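**Q** coords please:
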Amino acid sequence: MGIDTPRRTDQIEVAGRTRLRAIHNALRAHGISSELAGDVLTIEGDRPVTLRCGPRADDGDRVWLYEPVAPADAEHLHEAITWVKERTAAGAGGCW
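**A** As a prediction, this is how the structure comes out:
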């Protein structure tokens, strides 16, 4: 692998940050406050949630939202938004 060839871990990190940014923007569109700092998305609410992305070994290292919520891709964005809304609502379980 040459010096200019991106490593797989770099590609996963960039994909994770890109997907967290997409979730951050979608949450803002839904009126939900969140803060994106590097590779961590913190969602405000009655029960704050911290969201990260990373590879999931049992799914071919596809990038997932953790605690395993859904694959971190455009097809599953609605699942992530729904999960966040449920988790941050009053009386919901803690964070992951």
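**Q** grab the nearest non-local neighbour of Ala22.
**A** Leu77 (6.5 Å; CB to CB, 6 or more residues apart in numbering). Quick note: C-beta positions are derived from backbone N, CA and C, even for glycine.
**Q** buried set for the strand or helix carrying that neighbour?
**A** When elements are assigned from DSSP states H and E, Leu77 belongs to helix 77-88. Neighbour-count burial for helix 77-88, with 16 or more other CB atoms under 10 Å as criterion, is recorded at 77, 80-81, 83-85, 87-88.
**Q** ok, so of these, who is nearest Ala22?
**A** Leu77 (6.5 Å; CB to CB).
**Q** distance of Ile81 from Thr9?
**A** When distance is defined by CB to CB, to the nearest Å, Ile81 is 27 Å away from Thr9.
**Q** also Glu75?
**A** Applying CB to CB to Glu75 and Thr9 gives a distance of 23 Å.
**Q** cool, and Ile43?
**A** From Ile43 to Thr9 the distance is 26 Å (CB to CB).
**Q** run through the chain and note the low-pLDDT ranges.
**A** Low-confidence regions of the chain, defined by pLDDT under 70, span residues 1-8, 67-68, 90-96.
**Q** and the helices in it, which stretches?
**A** With DSSP state H as the criterion, the chain has helices at 8-29, 77-88.
**Q** next, the angle from the first one to helix 77-88.
**A** Relative orientation of helix 8-29 versus helix 77-88 (axes from the mean of the first three to the mean of the last three CA atoms, to 10 degrees): 70 degrees.
**Q** please consider this matter closed, and thank you.
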